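[1] Any chance you can model this:
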Amino acid sequence: MIIRKGTKEDMQAVLDLIIELAVFEKEPDAVVVTKDDLIRDGFSSNPLFHTFVAENNGEVVGVALYYYRYSTWKGKTIHLEDLVVKESQRGTGAGFALYSEIIKQGKKDKVRRIEWNVLDWNENAIKFYEKSGANILKDWYVVQMDEMGIENFTNLNT
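    Reported below is the predicted structural model:
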């Protein structure tokens with residue numbers, strides 16, 4: 001197994017993994033991003049995200065997609081948006097290898113925090129993260145405004 005930076009050529013495989021994750025998270029119709037979006041947004045002169053991929057026998061079997069954020073309390077941080085391994089490849093060490101690569105990237109970049117979200121019902125992931133030394137914050141809620149919310153807010157407040 002090889003862990004390496006993702007390339008434009010990997011983006012179809014990355015999209016397939018994103019779709020597989022959406023199915024796992026019981027949101028099979030939620031993915032609207034396209035391969036072209038991923039290529040444009042990840043490989044422009046100012047990329048919005050970066051990836052590491054796990055490759056096994058020439059096939060991309062996992063991805064860790066991350067980007068940089070800025071915390072008013074901590075400074076530069078990494079947000080791990082998704083870490084996905086093909087269902088058939090789980091238990092091979094690909095997930096741990098990708099997770100380790102993100103932690104190493106954070107250390108290399110001297111960030112003061114790496115953060116991500118985990119669904120409250122994903123017991124295996126929660127146990128893995130706790131065992132690795134990560135803190136699960138139970139006193140914070142994730143807040144989002146989707147496209148419809150943005151549209152409605154804009155219409156009401158302009």
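[2] Helices of this protein, start to end?
    Here the chain has its helices, by DSSP state H, at 11-24, 35-42, 94-109, 123-132, 147-156.
[3] The last one: how far from the chain's middle?
    Which is helix 147-156. Its chain's average C-alpha position is 26 Å from that of helix 147-156, according to CA atoms, centre = their mean, to the nearest Å.
[4] buried stuff in it?
    Residues of helix 147-156 include none that count as buried (16 or more other CB atoms under 10 Å). C-betas here are computed from N, CA, C, even on glycine.
[5] do the first one as well
    Of all the residues in helix 11-24, those buried under the rule 16+ other CB under 10 Å are 11, 13-15, 17-18, 20-22.
[6] Show me what that helix is packed up against.
    helix 35-42, strand 50-56, strand 59-71, strand 75-85 (3 or more CB pairs under 8 Å, 6 or more residues apart in numbering; DSSP states H and E).
[7] Averaged pLDDT, that helix. What do you get?
    In this model, helix 11-24 carries a mean pLDDT of 97.
[8] Ok, the longest one next?
    Confidence over helix 94-109, taken as the mean pLDDT, stands at 98.
[9] repeat for the shortest one
    Model confidence over helix 35-42, given as mean pLDDT, is 98.
[10] Packing partners of that helix?
    helix 11-24.
[11] Just want the angle from the helix it packs on to helix 35-42.
    Put simply, helix 11-24 runs at 110 degrees to helix 35-42, going by axes from the mean of the first three to the mean of the last three CA atoms, to 10 degrees.
[12] Contact partners for the residue sitting nearest the centre point of the chain?
    The C-alpha lying nearest the average C-alpha coordinate of the chain belongs to Asp82 (CA atoms, centre = their mean; 1.9 Å). Asp82 is in contact with 18, 21, 63-65, counting by CB atoms under 8 Å, 6 or more residues apart in numbering.
[13] Can you tell me which of these is nearest Leu48?
    The closest of the contacts of Asp82 to Leu48 turns out to be Leu65 (CB to CB; 10.2 Å).
[14] would you turn the buried residues of helix 11-24 into a markdown table with distance to Asn124?
    Shown next, in a markdown table, are those (distance: CB to CB, whole Å):
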| residue | distance to Asn124 |
| --- | --- |
| Met11 | 27 |
| Ala13 | 23 |
| Val14 | 22 |
| Leu15 | 24 |
| Leu17 | 17 |
| Ile18 | 19 |
| Glu20 | 16 |
| Leu21 | 14 |
| Ala22 | 18 |
